[in-house]
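In: Any chance you can model this:
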Amino acid sequence: MKITIVGTGYVGLANAVLLAQHNQVTALDLVPEKVRLINDRISPLADAEIEDFLANKPLDLHATLDKQQAYAQADYVVIATPTDYDPKTNHKHSNSKVG
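Out: Numbers count the residues shown, from 1 in each chain. Next comes the predicted model:
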C-alpha cells in the first residue's frame, strides 16, 4: 500500500515510521532540512524510538518537498496536524476540553 503522510512533526513522523514498516510511505514536508535528514535516516526530532527505527530498522520511507510526487499514486493520505504538545514540559497543554 502507498501512503503519504503530510507533515513530519512528531505526529507525522511517528506515523510515517510506524506505517513504513509494512507499507511504502512518502513523507511530505515544507522544510528542506527535515526532508534531507529523514532521507539520510536521521531523525529531525529528539525521540529515542524514532531515532532507533530510522537508524536500524528496515523502513520503506522516503521524504519529499514535491507535493505532486507525494500525492501521485497514494492509496491513502494522512494529514498530521500539530498538537498542543510542549516538548519542554513533555506534556500537552490543558486548554482544550478534548483530551
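In: State the phi and psi torsions of Tyr76.
Out: When read as degrees, to the nearest 10, the backbone of Tyr76 gives phi -140, psi 150.
In: from memory it sits against Thr4, does it?
Out: Yes - Tyr76 lies in contact with Thr4 (Cβ atoms under 8 Å); the separation is 7.3 Å. Glycine gets a C-beta too; all of them are placed from N, C-alpha and C.
In: Of those two, give the one with the bigger neighbour count.
Out: Thr4 (23 against 12; other Cβ atoms under 10 Å).
In: Secondary structure class of the more buried one, three-state.
Out: Per DSSP: H, G, I helix; E, B strand; the rest coil, the local secondary structure of Thr4 is strand.
In: Leaving aside the residues adjacent along the chain, what's closest to it?
Out: Ala74 (4.1 Å; Cβ to Cβ, 6 or more residues apart in numbering).
In: ok, now how distant is the one you found from Lys57?
Out: In this view, Ala74 and Lys57 are 22 Å apart by Cβ to Cβ, to the nearest Å.
In: which stretches of this structure form helices?
Out: Secondary structure of the chain (DSSP state H): helices located at 10-19, 32-39, 48-56, 67-71.
In: Just the CA coordinates for the second one, please, in PDB.
Out: Extracted as PDB, the C-alpha positions of helix 32-39 are listed here (Å, rounded to 0.1, in the frame of the first residue of the first chain):
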ATOM      1  CA  PRO A  32      14.100  21.100   3.200                       C
ATOM      2  CA  GLU A  33      16.400  20.200   6.100                       C
ATOM      3  CA  LYS A  34      13.800  17.900   7.600                       C
ATOM      4  CA  VAL A  35      13.400  16.100   4.300                       C
ATOM      5  CA  ARG A  36      17.100  15.700   3.900                       C
ATOM      6  CA  LEU A  37      17.500  14.300   7.400                       C
ATOM      7  CA  ILE A  38      14.700  11.800   7.000                       C
ATOM      8  CA  ASN A  39      16.100  10.600   3.700                       C
END
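In: list the helices and strands that helix packs on?
Out: Helices and strands touching helix 32-39, by 3 or more Cβ pairs under 8 Å, 6 or more residues apart in numbering; DSSP states H and E, are strand 61-64.
In: tell me the mean pLDDT for the strand it packs on?
Out: For strand 61-64, mean pLDDT is 98.
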